[in-house]
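> heads up, no residue letters with this:
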C-alpha cells in the first residue's frame, strides 16, 4: 500500500481537536470506526485553497476500511479549521486515491466514503439553497413542510442528492474504479425554518461483492 503516514485514530483527533466529533460519529453511525485501531493517511496535499487529506480507517481483523475525506486549513494554534474545497480538487484527490488503490497488490476493500457536513462544501451548499424547495410537499403550504417528520424528509433528501450530479466529484472516481455507490446515508439533518434541508452528515456506501 502506498502510505504517507500511519497514525492512531486517537493521535489524529488529538491534533485536530475533534474528540467530540469522533465520539459522536462512532456512537451514531460509523461502526467501522468503532472497531478501527489505526488510521492510514492515503493522501495529504495542498489543493488550491485547502489542505486535503484522505484517510482509510482500518477495521480490525478484516481487509475493510472506511474512507474519510477532510479539507482544512491549520490555524495559529495548530487546529484544523474546515475549508471548502473546489469540485475539481475533490475529484482530483479521489481519482488519485482510487488510481493508487488499483495498483496495490493486496488492496483494502473500501466499504464507504465519509463526506462529512454538506454545508462545508460551497457547491453543495449552493445546490441546497437553490434547489431545496422541491423537497417540500408544497411551496404554498409551508406549515405542511415544517410538520413533516425528519426521517421522511431525510429519506427523500438522500434520494434527491444521490440521483443528482452534485456528489459526482466523490462518486464518479469510485464508480470508475469499480466501487458502485449503493446508497447515500445521512444523519443529523438540519432544516431551515421552512422545513427545507440545509445540512447533514453524509457518507457514500459502496456495493459489496
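Done, it's in. Just so we're clear, the structure is a prediction, and the values are computed from it rather than from any experiment.
> got any ranges where this protein has weak pLDDT?
Of all residues in the chain, those with pLDDT under 70 make up the ranges 1-37, 131-145, 209.
> can you give me the strands for it?
Ranges of strands in the chain, per DSSP state E, are 5-7, 36-47, 50-59, 64-74, 80-82, 109-117, 181-191, 197-206.
> Neighbours of residue 146, how many?
Using other CB atoms under 10 Å as the criterion, residue 146 is surrounded by 15 other residues. All C-beta spots, glycine's among them, are computed from the backbone N, C-alpha and C.
> How about residue 102?
Neighbour count for residue 102, taken as other CB under 10 Å: 11.
> Turn the strands of the chain into CSV, including distance to residue 129 and mean neighbour count.
Formatted as CSV, the entries for those read as follows, by distance: least, CB to CB, whole Å; neighbours: other CB atoms under 10 Å:
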stretch, distance to residue 129, mean neighbour count
strand 5-7, 37, 14
strand 36-47, 24, 17
strand 50-59, 21, 22
strand 64-74, 20, 21
strand 80-82, 18, 15
strand 109-117, 15, 20
strand 181-191, 13, 17
strand 197-206, 8, 21
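> Please tabulate these in TSV, including the columns distance to residue 123.
Shown next, in TSV, are these (distance: least, CB to CB, whole Å):
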stretch	distance to residue 123
strand 5-7	29
strand 36-47	15
strand 50-59	13
strand 64-74	12
strand 80-82	15
strand 109-117	12
strand 181-191	16
strand 197-206	14
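> how about those, which one is nearest residue 159?
Among the strands of the chain, strand 181-191 comes nearest to residue 159, with 7.9 Å by CB to CB.
> Show me what that closest one packs onto, helices and strands only.
helix 150-162, helix 168-176, strand 197-206 (3 or more CB pairs under 8 Å, 6 or more residues apart in numbering; DSSP states H and E).
> what's next to that strand, contact-wise?
Contacts of strand 181-191 from elsewhere in the structure, counted by CB atoms under 8 Å, 6 or more residues apart in numbering, are 28-29, 112, 119, 150, 153-154, 157-159, 161-162, 167, 171, 174-175, 197-208.
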